[in-house]
Each structure stands twice: as C-alpha cells, then as structure tokens.
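Student: This is the structure alone, sequence omitted:
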C-alpha cells in the first residue's frame, strides 16, 4: 500500500510538465474555437446581408433561408458540444495512459518536450474533419426533410446533389463549407420550384381541355331524368372555357356553341325559359351563377319605422323585448330594420297595429330617398298601391303639404286607405285614375314618383312564376306602358316649381328594355335631363349595352342586384324638368289647325254650292216638261249644274250669278226673267 501511494505521488509530480503542456494546448484550442466562432459570426452577418438583398428580389425564399440558418446554428452548437466531449474523453484517456505507463511518458517527454506525437494529430487539428462531418450532417437533415414529399423528389434530389457536388468542388474550392451548403440548398429549392410549376401547368392544361357533349349524349340525356350534379359540373366547365375562350376552346367549336350549351344547362338546372335566360346571360356574362343562386334564396324581411309616431331606437327595443332578432338595415337608411327571426308574427304586434312600423322591402326605400320630398310641397305618387312609398313620403314631409296617391286598380287602392289610416297620415288624397290620363285631370305638381308596373325580373325570389311565364311580348307590352306612364308623369310635373320639378322613375325589373330604353325615350320626347339620384351605393346604369347606345348621363341612374346588395333587383332614375313646353307640340298644333281650317273651308264651299244650286232650280223657268226625261227632272230638283246639258240656249246660261260677269258698275247683265204663267 505504501509503495502504491509513493508511486501515485511520484506520478503526480512527474506530470506537472505534461499538465502545463496540456493547459497550453487547451488554451490554444480555445483560442482556435473563439476564432472559429468569430468567423462564423462574420459569415452569419454576411449571409444575413445577402438574404436581405435576395429577399427584395425573391420574397418567397425568406422562410427557407431562415430555416437554413437555424439549422446551421443548431449544427454549430452540436459541433461545439461534440468538441467539448471529445476534449474531456481525450483528457481522461491521457490520464489513464499516464498512470499506466510512466516510463513511456518520460521517454516521450525526453524525445518530444512539446508533447506532439503522431497519435495526437487527429485531435490537435480537428477543424477540417469536423466541418466536413457537419456539412454532411446538414445535408442529411435537408434530405430527411425532403423525404416527406415522396420518392420521386428523393430521386431528383439525389441526382441533383451528385451533379452539383461535382460542380461545386471544381468551382467553389475557396468557399467555406457553410457557404457551399447554402448555395446547394438554394439551387435545389429553385429546381424544386420549377418542377412544381411545370407540373401545375401540365395539370391545368389537362383540366382546361373540355369537350362539349355530342348529339348522341344529348339524346340519351333527354330520354333519362336530368342528373343535376352532372349538369352543374358541365356549367362550371363551360364557364371556365368561356373565361379564356381563345386558349381553352375546341378547335372546331364556336363561342355560340358554348353559350347555347350553357343556356340550356342553366334552364334545366334553375327552371327558367330560354328567352329569359338569354336576357340574363347578356346582363351577367360572368356573374350569372351568383345571380341565379341569389334568386333561389329569400331576401331578409325588412321593416320601416314610422317617424311620425316613434323612433327607430325605441321601436327596436320594444320588438327585442317581444323576442324579435333584428339589426339596422345599413348606414344608407336611418329608418330601416332587418328582422332575422321572430317569436311573434310581425303583422300582429301591438306596435304594428298602432302604426309604429310597416313591413316593406328594403329596395322600396330607394325611390323615396331619391325623390327627397320637402315640406309643404304638392306631390303625386302615380302608382302608389299598397301605400308603402306614400306613407314614407308623408313621414318625410311631416304631414305637411299634399300627397295625391293614385292607382288604376280600385281594389288595390283599398290597401292604401288602410295603411294611411293606420300610420296616422292626414295629408294624403287617394284617387283612382288611369295614370296615362292623369295630366288631363290634374297637373302642376312639384315632384312626381312613378314606380311603374313591370315584368318583375328583379323579384324572382318572391314570385317564381316569372321564371317560366315571361316572354318577349310581355316585355314589349310592359315597356310600352311604362313609356306612356313616364310621359304622363313628366306632363304632370311643373318645371317652374321653386322647390321641385323632379320626376323619379323606378321599376323592380333589371332588364334594359324596361329601364334605360324607357328613360332614353323620355329624354327624346320631353324637356327633361338626368340628375344624380343621391344614393351612395348601387351600380351605374348602362351607357353601352349590346347594340344600344344611350345618353352619356345614363350612368347617373342606379341599379341594384340581389347577389351584390342583398336587395331585390331594382332600377332608380331621377329626372329634372326644365321646360313645360312639349318638343314638336307647336308644329303639331299648327298643322292640326291648318287641316281643320281647310276642312271647314271645304264644308263651307259645299254648302254654298248646294245653296246656289237650289236658287238656280227655283228661279229658272221650266219648259217642255212633257218632253223632258225623268232623269233630267231629278237633276233639276237636286240642284245639279246645267253645264252638262246639250242645249246651249241663253235661257240655261245665267252669267249674272257670278262676279266675273258683272259690269264695272257692279250691276249684272242678266235680263229680267219672264214670269211663268203657271
């Protein structure tokens, strides 16, 4: 035991030099490590600056580069930990070797006083070997990440790596291993991106090639019940082809072939007739599906607050307390409320019976807002049933002035009476006249509102019969009636009104034939012009549509659609009358008076000729009555002229009857007639 202790003491004393050498080596290694870290930090800063420059050019590669830097940092930390572990293991090995073989260490110290041997070369210069191992580890991690994408990608990556490794070894010998790895990763990502884009383009090109059904397929479908899923898929594919017709169409197919197939499928899927569907496709070439889908859903129920009796806030609180879920209709209206659901019927609440609100569509607010009635005005609502717009006008006028609510249907006018009484309106006169003849009954109004009867193509959600019932004759009939009513409304308005002179025309139709065409007709026939409606939203009216070319101010009109505004389809136009004269009316009256005068002159001439004939027959003596024929006697009685007689005796010619045969003294040369003895 004593010998062992003395040996250990001797060994510890002998190792003093070696320990000093070891400490010096460790300090050298630590200094090398610090230099390595500093170089890495510089490299990292350079990489960040490069990344900032590249991010400006390619923003999409930022995430991959950040991930790459994080991987490199983690790999460097792992390298540092591995270096420390190797140092500790080597120190333990050195201690064990020192304790087991003292004599060999003494000899080695005598031969090599600095302690460098062939066995120590591996761990005294580890930088190159370890950096190569770290680069291989980072490449393996990148490859493992890319393995998740599939076997094909792995094959491409392996080939890409093998090719690029050879190129990098030749071209980038002076670059650090980390820079080499980053460059390889960038190239690989760029190649992956190009391959993905190429694959996407091939998939899109395969999807874009759509063939229309042949005649046999159409006949087969007609014999079987319609497959709605197949029809819907075909509608989407045809619309996709029409989106880029030049690049996606079949070589031997025209645009009309695709349109015909689209219209046929839309009619079968949504149950429309072909005439109406063609009109709608012309209006909405890109939004036809959205419009048709919106017509399949009911518009939300809306109510209008009667400001003559309550405020919207108080009404909303009262209805909420009764279990009604509602919200304001929007910023564009201060009196409208949207009702989502209700536990009580809205038409039977105490508030409704008291006249605090009326159930009215949100689109019906718009014409009255465009009309903007003022207090103490004289206003005409030409087709007012059932009274929603009339009561709205009265509430804005605060029961002042006079409102004439007219409707041609006597039964519908009863609804106006009920709503006017319930809402507490006292300034309204209800009448029943044909709107086309109303100017002869009364005129001189400050403002006129015409909500004309129409085909109802904007309220298909309420009346689904419009899908199949309307044809071209119905549209023409409605358009003709609307033109007559609009001219009558303009004639009822007074252009010299100090506050008004405005006419608002509105329909619940979206067809151009009932809207822009009617306004264009009125602009040509009367002294009116289009003015802004005052509505902040809505789409502008058409200035150019198909073959039609309308007035440039037609863009001041407003259109509303179910699929864009969540309102019924509506059209609103506001006109300003600047003269009470009717263009061409004076010329017509002049021509009419001239014709009447000519007719009167002709009648007077006939009367004079008839009177002269009677006078001649009474004054002329009759001779040889026996010899005269019965036909000649009749002619004498009727006062016919005697110029046609063959006998030209003086007795039959009386020049004194005409002025041109008179003398200068004004006396005629006519001889006195002998009195008849009879």
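Tutor: Structure's in. What do you need? Quick caveat: nothing in here was measured; it's all calculated off a predicted structure.

Student: pretty sure residue 333 is touching residue 365, no?
Tutor: Yes - Residue 333 is in contact with residue 365 according to CB atoms under 8 Å; the separation is 5.6 Å. Backbone N, C-alpha and C define where each C-beta goes, glycine included.

Student: Looking at those two, which one has more neighbours?
Tutor: residue 365 (23 against 17; other CB atoms under 10 Å).

Student: Pull the contacting residues for that one.
Tutor: 304, 333, 335-336, 392 (CB atoms under 8 Å, 6 or more residues apart in numbering).

Student: Can you add distance to residue 497 and give these back as CSV?
Tutor: Converted to CSV, those look like this (distance: CB to CB, whole Å):
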residue, distance to residue 497
304, 27
333, 27
335, 26
336, 29
392, 21
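
Student: Select only the buried ones of these in ChimeraX?
Tutor: Per 16 or more other CB atoms under 10 Å, the buried members of the contacts of residue 365 correspond to this ChimeraX selection:
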select :304,333,335,336,392
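
Student: What is the nearest of the contacts of residue 365 to residue 37?
Tutor: Taking CB to CB as the measure, residue 37 lies nearest residue 333 of these, at 69.5 Å.

Student: Against residue 409, how distant is that closest one?
Tutor: In this view, residue 333 and residue 409 are 28 Å apart by CB to CB, to the nearest Å.

Student: Report the set of residues contacting both of residue 333 and residue 365.
Tutor: With CB under 8 Å, 6+ apart, residue 333 and residue 365 have no common neighbours.

Student: Surely residue 395 touches residue 306?
Tutor: Yes - using CB under 8 Å, residue 395 is in contact with residue 306, at 6.0 Å.

Student: These two: who's more crowded?
Tutor: For residue 395 versus residue 306, neighbours defined as other CB under 10 Å are more numerous around residue 306 (25 against 22).

Student: if you skip the residues just before and after it, what's nearest to residue 481?
Tutor: Closest residue in space to residue 481, ignoring its immediate chain neighbours: residue 453 at 6.7 Å, by CB to CB, 6 or more residues apart in numbering.

Student: The one you found contacts residue 480, correct?
Tutor: No - taking contacts as CB under 8 Å, residue 453 lies outside contact range of residue 480: 11.6 Å.

Student: if we can go back for a sec, any common contacting residues for residue 395 and residue 306?
Tutor: residue 423.

Student: quick one: residue 338 is in a strand?
Tutor: Yes - assessed with DSSP: H, G, I helix; E, B strand; the rest coil, residue 338 lies in a strand.

Student: ok, now which ones touch it?
Tutor: Residue 338 neighbours (CB under 8 Å, 6+ apart): 300-302, 326-329, 362.

Student: quick one: which two of these are the most distant?
Tutor: 301 and 328 (14.0 Å).

Student: Okay, now the unreliable bits of the stretch 1-150 of the chain?
Tutor: Along the stretch 1-150 of the chain, the parts satisfying pLDDT under 70 run over 1-15, 55-150.

Student: now do the chain
Tutor: In the chain, residues with pLDDT under 70: 1-15, 55-176, 200-210, 585-588, 590, 612-678.

Student: Any figure for the gap between residue 229 and residue 211?
Tutor: Residue 229 is 19 Å from residue 211, where distance means CB to CB.

Student: next one: residue 463
Tutor: Applying CB to CB to residue 463 and residue 211 gives a distance of 38 Å.

Student: Those two: which is more packed in?
Tutor: residue 463 (12 against 9).

Student: Might you report the residue contacts of that one?
Tutor: Contacts of residue 463 by CB under 8 Å, 6+ apart are residue 456.

Student: Assumed it was part of a strand.
Tutor: No - under three-state DSSP, residue 463 falls outside any strand and is assigned coil.

Student: And it, how far from residue 264?
Tutor: 24 Å.

Student: Residue 456 too?
Tutor: Applying CB to CB to residue 456 and residue 264 gives a distance of 24 Å.

Student: Same drill for those two, tell me which one is more crowded.
Tutor: Ranked by neighbour count (other CB under 10 Å), residue 456 and residue 264 place residue 456 first, with 20 against 16.

Student: where does that one land in three-state SS?
Tutor: Applying three-state DSSP: residue 456 is coil.

Student: now it, nearest residue through space, not along the chain?
Tutor: residue 466 (5.1 Å).

Student: list the contacts for the one you found?
Tutor: Per CB under 8 Å, 6+ apart, neighbours of residue 466: 276, 455-457, 459-460.

Student: which residues of the stretch 301-450 of the chain fall in strands?
Tutor: In the stretch 301-450 of the chain, the segments counted as strands under DSSP state E, counting those that start in this stretch are 301-305, 324-328, 336-342, 357-359, 378-381, 402-406, 428-431, 447-451.

Student: Can you lay out the ones you listed as TSV showing distance to residue 509?
Tutor: Putting the strands of the stretch 301-450 of the chain into TSV (distance: least, CB to CB, whole Å) gives the following:
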stretch	distance to residue 509
strand 301-305	20
strand 324-328	28
strand 336-342	22
strand 357-359	22
strand 378-381	19
strand 402-406	21
strand 428-431	26
strand 447-451	11
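
Student: Cool, thanks, talk later.
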